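> take this sequence and fold it.
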Amino acid sequence: MNPGRPARPRQTPRVGLIGAGAIAAAHLDAWQALGAECVISSRTRPTALAERFGVEIADDADALIDLVDIVGILAPTPTHLDLALRAMARGRHVVCEKPLALTSAEAQHLAEAADAAGVRLLPAHVVRYFAAYRQIQQAVASGGIGALQTLRLSRAGAGPTTAWFYDENAGGGLIRDLLIHDIDQALWLAGPVTSVSARQDPPSVDGRLSSPVTATVELTHANGVASRIDGGWLGEGVPFRTTIEAVGATGALAHDSAGETGDAARASSVDTDPGYLPPQTEDHPYRAQIADFAEAIRTGRPARVTPADGVAAVAIVDAAYASLAAGGAIVPVPA
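Residues are numbered from 1 along each chain as shown. Okay, here's the model as predicted:
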């Protein structure tokens, strides 16, 4: 394989995943459901994960990139820019877990680098592939509830157990890592944002969060829609739960994950962390996300989530943290 050219499409692509945290099992399951060959690499040797899925362990990220056609970046957020650029420079398509990068400037750089390299980049905003959220988006887009007026979204659970997630200076943070899912949803349903305000309780101290912690982000969209996003890392044992309510001029739509049955909420062959990550459901959203990207590579069509979507979500995160730094002030978002 020539490391300087985009990899040729294969019937069964070879995929390399960098990172072996909680989300890795969902990505491995999704790629293997498509018949892909997989390789993994991590700072710690992920022997148990490799044995569970029957995959090879590469010596390091560079060795992995040389072996594959597609690279999945599942490592901590501060590594995304460097790893994605290294993969793109060798002609590899990239799936990158959210957030796409630490800042919107870095995220925009990745989008431009993918375009220049002639490769595809998927920001892994998996909530767009959950059937309940997709159905609400389609109904809103088709005018099924009249002109959209307000959105209310929430997302909360036990929280991650790895320390860097609670360090905003190290690429973590509740808004950056968790609420970005619903920021993306608000952008998907209501379009561009003109201003943002945010609150966090308790506030971080020198960038460090304590648990439990909650946050609220309020968005004003260019079309006048108001969105409110609430979320929290609430401590050990708290079940993961999400809600969404879209109110229009002639009706409203809502979904609460707590209303899903146990079988429907966890019907996949692989589980994600029940207290921190969006769960597998009977519609297999993680598989749908990867299948969409694979088909986009094969056909040349856009994936459901574009690089521009990933950039836009990180720009709202930037504005939310600027608001927190200013005591909850309303922060304008450049057009």
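> switch to C-alpha atoms for all contacts and neighbour counts from now on
Will do.
> which residues does residue 123 contact?
Applying C-alpha atoms under 8 Å, 6 or more residues apart in numbering to residue 123 gives the contacts 95-100, 305-307, 309-310.
> and of these, the nearest to residue 199?
residue 99 (19.7 Å; C-alpha to C-alpha).
> confirm that that closest one sits in a strand.
No. Judged by DSSP: H, G, I helix; E, B strand; the rest coil, residue 99 forms no part of a strand; its state is coil.
> which residue ranges form the strands in the stretch 101-250 of the chain?
121-124, 148-157, 193-201, 213-221, 226-233, 241-248 (DSSP state E, counting those that start in this stretch).
> and the shortest one, C-alpha only, in PDB?
Taking only C-alpha atoms (Å, rounded to 0.1, in the frame of the first residue of the first chain), the coordinates of strand 121-124 have been written out as PDB:
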ATOM      1  CA  LEU A 121     -13.600  12.800   7.400                       C
ATOM      2  CA  LEU A 122     -16.500  11.800   9.700                       C
ATOM      3  CA  PRO A 123     -17.000  13.600  13.000                       C
ATOM      4  CA  ALA A 124     -18.600  10.800  15.100                       C
END
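> who does it pair with, and is each partner parallel or antiparallel?
Under the criterion DSSP bridges, strand 121-124 sits next to strand 93-97 (parallel) in its sheet.
> and for residue 111, nearest residue in space, chain neighbours not counted?
In space, and not counting its chain neighbours, residue 111 is closest to residue 307: 5.4 Å by C-alpha to C-alpha, 6 or more residues apart in numbering.
> ugh, wrong one, I meant residue 238
residue 158 (4.6 Å).
> give the contact list for that neighbour.
Counted by C-alpha under 8 Å, 6+ apart, residue 158 has contacts 233-240, 275-276.
> make TSV from the strands of the stretch 101-250 of the chain and add mean pLDDT to it.
Shown next, in TSV, are the strands of the stretch 101-250 of the chain (pLDDT from 0 to 100):
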stretch	mean pLDDT
strand 121-124	98
strand 148-157	98
strand 193-201	98
strand 213-221	98
strand 226-233	98
strand 241-248	98
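> residue 130 is nearest to which of those strands?
Nearest to residue 130, of the strands of the stretch 101-250 of the chain and by C-alpha to C-alpha, is strand 241-248 at 11.6 Å.
> from the middle of its chain, how far away would the closest one be?
Distance of strand 241-248 from its chain centroid, counting by C-alpha atoms, centre = their mean, to the nearest Å, is 19 Å.
> ditto for stretch 114-124
With C-alpha atoms, centre = their mean, you get 16 Å for stretch 114-124.
> equivalent analysis for stretch 214-230, please.
Distance, centroid of stretch 214-230 to centroid of chain: 19 Å (C-alpha atoms, centre = their mean).
> ditto for stretch 220-233
The answer for stretch 220-233 is 18 Å, by C-alpha atoms, centre = their mean.
> what comes up buried for it?
Residues of stretch 220-233 classed as buried by neighbour count (16 or more other C-alpha atoms under 10 Å): 220-221, 225-233.
> repeat for stretch 156-168
Under 16+ other C-alpha under 10 Å, the buried positions of stretch 156-168 are 156-160, 164-168.
> after the least confident helix or strand in the chain by mean pLDDT, which helix or strand is next?
The helix or strand of the chain with the poorest confidence is helix 262-265; it has a mean of 42 (mean pLDDT, DSSP states H and E). Using DSSP states H and E, the helix or strand that directly follows helix 262-265 along the chain is helix 285-299.
> quick one, that following helix and strand 93-97 angle?
160 degrees (axes from the mean of the first three to the mean of the last three C-alpha atoms, to 10 degrees).
> from residue 236, how far out is the residue lying closest to residue 137 once chain neighbours are set aside?
Distance criterion C-alpha to C-alpha, 6+ apart; nearest residue to residue 137, sequence neighbours excluded, is residue 189 at 5.7 Å. Per C-alpha to C-alpha, to the nearest Å, residue 189 is found 32 Å from residue 236.
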